[in-house]
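A.B. asks: mind folding the following:
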Amino acid sequence: MQFDIDIRKTLRSGTRSFHLNAQLRSDSQRIVIIGPSGSGKSQTLKAIAGLMTPDSGHICVGGNTLFDTKSGIDLAPQARNVAYLFQDYALFPHLNVRQNVGFGLARGWFNPRRGDQHAAVDYWLDAFRLGAVAHQFPAELSGGQRQRVALARALVSRPQALLLDEPFAALDPALRAIMRSELDALQRRLQVPMILITHDPEDARVFGEQVLHLREGTIDACDSNDAGCDAVELVN
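C.D. replies: I've put the predicted structure just below:
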């Protein structure tokens, strides 16, 4: 089982509360969770990555238990071996491209030095055609280049899963189409299981081996026109 997720979380802001109740089991390598803003998509992804702690439930990825309230398991984000690609890419502005990619391999408190060489970093710089801008800083890059740097940083540590938070939302339509195609080809080549969250139906069409809908904190249906719907077991 690639993904086995059953989590609950209540979020409060003043007198308002939001209840997340996300549950799914799937063997798919390409899951798209689609829903409007505020439906709980990002919170679900953050829970898998260990950036948000559910009130109860469990999270298993690739047969490994990352979180389980009954067993008292709650692995730190860096111990989960899942890569999280933030919507704004979250690149470090004071680090150049090579350092940003190398940060995925960093341990401890120190940033990678500018002159550091690492075979894995070189591999991903080459794979994403970033060698020519390796010494430039994020502010000097195009939107597509920044996304490639973020993907390279996410993949350099060989994660067991890739989590993508609205990865194309910040791109213009033409670049969005190009980057969709590139990510599609990359995932097929690497066979890294991924969950992509979006509000864009085109993302679901391109990547939706399995498409789930999240509405008001609950995964409640699979689009009847999506290929592979029956391969997802919804636990509602």
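
A.B. asks: residues contacting the residue at minimal distance from the centre of the chain?
C.D. replies: Note on the chain: the residue nearest the mean C-alpha position is residue 163, at 1.5 Å, using Cα atoms, centre = their mean. Applying Cβ atoms under 8 Å, 6 or more residues apart in numbering to residue 163 gives the contacts 45, 48, 49, 82, 83, 84, 85, 194, 195. C-beta coordinates here come from the backbone N, C-alpha and C atoms, glycine included.

A.B. asks: again with residue 6
C.D. replies: 22, 23, 57, 58, 59, 235.

A.B. asks: using the three-state scheme, assign it.
C.D. replies: With DSSP: H, G, I helix; E, B strand; the rest coil as the basis, residue 6 sits in strand.

A.B. asks: same thing with residue 169?
C.D. replies: Per three-state DSSP, residue 169 ends up coil.

A.B. asks: my read is that it contacts residue 89, right?
C.D. replies: No: with contact defined as Cβ atoms under 8 Å, residue 169 and residue 89 do not form a contacting pair (10.9 Å).

A.B. asks: measure residue 85 to residue 186 for me?
C.D. replies: Using Cβ to Cβ, to the nearest Å, residue 85 is found at 12 Å from residue 186.

A.B. asks: who touches both of the two?
C.D. replies: What both residue 85 and residue 186 touch, as defined by Cβ under 8 Å, 6+ apart, is the set residue 151.

A.B. asks: so, low pLDDT: which residues of this protein?
C.D. replies: Applying pLDDT under 70 to the chain flags the ranges 106-116, 220-236.

A.B. asks: what residue spans form the domains of it?
C.D. replies: The chain breaks down by automatic domain parsing into domains covering 3-81+159-234, 95-150.

A.B. asks: centre of the chain to the last one, how far?
C.D. replies: To tie it back to what came earlier, the one meant is domain 95-150. Taking the mean of its C-alpha atoms, domain 95-150 sits 19 Å from the chain's own mean (Cα atoms, centre = their mean, to the nearest Å).

A.B. asks: what is the end-to-end distance of that domain?
C.D. replies: Distance across domain 95-150, first residue to last, is 13 Å (Cα to Cα, to the nearest Å).

A.B. asks: put the alpha carbons of the biggest helix by length in the chain into CSV.
C.D. replies: Criterion DSSP state H: the longest helix present in the chain is helix 173-190. Extracted in CSV, the C-alpha atoms of helix 173-190 (Å, rounded to 0.1, in the frame of the first residue of the first chain):
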residue,chain,number,x,y,z
PRO,A,173,-0.5,29.7,-18.4
ALA,A,174,2.2,29.0,-21.0
LEU,A,175,4.9,28.1,-18.5
ARG,A,176,2.3,26.1,-16.5
ALA,A,177,1.7,23.8,-19.5
ILE,A,178,5.5,23.3,-20.0
MET,A,179,6.1,22.5,-16.3
ARG,A,180,3.2,20.1,-16.2
SER,A,181,4.7,18.2,-19.1
GLU,A,182,8.2,18.2,-17.5
LEU,A,183,6.9,17.0,-14.1
ASP,A,184,4.7,14.3,-15.8
ALA,A,185,7.8,13.0,-17.6
LEU,A,186,10.0,13.2,-14.5
GLN,A,187,7.6,11.3,-12.3
ARG,A,188,7.1,8.5,-14.9
ARG,A,189,10.8,8.2,-15.2
LEU,A,190,11.6,8.1,-11.5
